[in-house]
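Undergrad: Here you go, sequence then predicted model.
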Amino acid sequence: MREDDGRKLDHKTLEQLRLRAVGQVEQGAHPEDVAAGLGMTRAAVYGWLAKYREGGLEALRAKPVPGRPPRLSGGQLPRLSTLVVGNDPRQLQFAFALWTRAMVRELIGREFGVRLSEVSVGRLLRKLGLSPQRPLYRAYQQNPQAVARWKAETYPQLRAEAAEVGATIYFADEAGVRSDYHAGTTWAPVGRTRW
């Protein structure tokens, strides 16, 4: 695709280009010179001229973009983003701590009175710059000062005692299922994993 490809331009800009191109040709410019001057293809300019000859200037006007209008307004999208990014779901009376599409769907219904499918909610969340992410797990009980003290004082002392008696130090970890384990994902800003 060329850098000056008309498909990248918005409808109003393209309308102005069409009108300008036809105006220049009507004033005597050669269509190929107009195409080169506007950075468009010859085929595009000749196509515009054909439309103009069939339907006049009205045929060159931008048409409304087809498709269903968005269910949430431009003002509601920032509010939704703030609710999802700025809150733990439990703060909004949800039972689970991770944002799922189903929960966001319910939130949209509660806050804005709009019903969306979960697929539409996923598209909307991506449009807001969010992605499903596995939350970071951090031991909230951990005391960084105690860990530093253990590394700097306690462990070196244990290592020295073990060396004195010819002992080996082994580290073991429990295997089990934690009550606070999470296997799900939550929606969060791309590149900024939460929790």
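TA: Cool, got the structure.
Undergrad: so where do the strands sit in the chain?
TA: Along the chain, the stretches classed as strands by DSSP state E are 130-133, 186-189.
Undergrad: what does the first one rub up against?
TA: It refers to strand 130-133. With contact meaning C-beta atoms under 8 Å, 6 or more residues apart in numbering, strand 130-133 is reached by 81, 84, 85, 125, 185, 186, 187, 188, 189, 190, 193, 194. Just so you know, the C-beta spots here come from the backbone N, C-alpha and C atoms, and that holds for glycine as well.
Undergrad: what about residue 51, distance to residue 156?
TA: Using C-beta to C-beta, to the nearest Å, one gets 84 Å for the distance from residue 51 to residue 156.
Undergrad: So which of the two has more stuff around it?
TA: residue 51 (16 against 11; other C-beta atoms under 10 Å).
Undergrad: And that one, how far from residue 96?
TA: 56 Å.
Undergrad: Residue 47 too?
TA: Per C-beta to C-beta, residue 47 is found 55 Å from residue 96.
Undergrad: Residue 24: neighbouring residues, count only.
TA: Around residue 24 there are 17 residues (other C-beta under 10 Å).
Undergrad: And for residue 32?
TA: Residue 32 sits with 12 neighbouring residues when counted by other C-beta under 10 Å.
Undergrad: which one is it nearest to, not counting chain neighbours?
TA: residue 42 (5.4 Å; C-beta to C-beta, 6 or more residues apart in numbering).
Undergrad: Residue most distant from the centroid, this structure?
TA: The outermost residue of the chain relative to its centre, with distances by C-alpha atoms, centre = their mean, is residue 165 at 59.5 Å.
Undergrad: where's that residue relative to residue 67, distance?
TA: 78 Å.
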